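Trainee: can't give you the sequence, but here's the structure:
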């Protein structure tokens, strides 16, 4: 019972203090931004429509940006332990962001645990959460070491289009859990 009460307090503080900063009465300014970067384009029109829908839903809670980047070239030989020039440029773009890389070796959470983590990020004052979704080959070992968190959406293999859609859906679900909306049921 105490654990549930503590979670409710965390949720209430995250919703009231982290997602929005109240200014001048009822006007609010969003302070946490979510940035999602993935390699390549989603080919399936149905998945693109779902991704656009979830992006729009998330935008009701915080600023959200989705960026498509070209596929990374794999490192060869001795360079496999170093960041490629493209990876270095990407890391420079993410300077100041909390970096979450989707990776099958990453942490697996329930939707509620993920929502709680989102709430904690807001309470800590995280300005930007950057989620990176790699291509079919994933990320190089050197690049994975640059992540603040490696996150696995499932132990099952997902196409990149489905992984992108699921990530957006789980971010939206996380916000609805924090706000107590009926969506997660």
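Mentor: Now that the structure is in, tell me what you want to look at. Given the structure is predicted, the values throughout are model-derived calculations rather than measurements. Numbering: from 1, shown residues only.
Trainee: and the residue nearest the centre of the chain, helix, strand or coil?
Mentor: The centre of the chain sits closest to residue 131, judged by C-alpha atoms, centre = their mean, with a distance of 3.9 Å. Under DSSP: H, G, I helix; E, B strand; the rest coil, the three-state class of residue 131 is strand.
Trainee: for it, what are its contacts?
Mentor: Applying C-beta atoms under 8 Å, 6 or more residues apart in numbering to residue 131 gives the contacts 34, 35, 36, 37, 100, 101, 102, 151, 167, 171. Yep, even glycine has a C-beta here, placed from its N, CA and C like the rest.
Trainee: pLDDT at it, what is it?
Mentor: pLDDT for residue 131: 97.
Trainee: against residue 167, how distant is it?
Mentor: Distance of residue 131 to residue 167, given as C-beta to C-beta, to the nearest Å: 6 Å.
Trainee: where do the contact lists of the two overlap?
Mentor: 36, 102.
Trainee: which residues are contacting stretch 41-61?
Mentor: Contact partners of stretch 41-61, identified using C-beta under 8 Å, 6+ apart, comprise 19, 30, 34, 64, 66, 68, 160-162, 164-165, 168-169, 171-172, 175, 179.
Trainee: still on that earlier bit, turn the contacts of residue 131 into TSV, columns for pLDDT, secondary structure and distance to residue 56.
Mentor: Below are the contacts of residue 131 laid out as TSV (pLDDT from 0 to 100; DSSP: H, G, I helix; E, B strand; the rest coil; distance: C-beta to C-beta, whole Å):
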residue	pLDDT	secondary structure	distance to residue 56
34	97	strand	13
35	97	strand	16
36	97	strand	13
37	95	strand	18
100	97	strand	21
101	96	strand	25
102	95	strand	21
151	97	strand	23
167	98	helix	15
171	97	helix	12
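Trainee: can I get the residues you listed in TSV including neighbour count?
Mentor: Listed next are these as TSV, based on neighbours: other C-beta atoms under 10 Å:
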residue	neighbour count
34	25
35	18
36	23
37	20
100	23
101	22
102	25
151	19
167	21
171	23
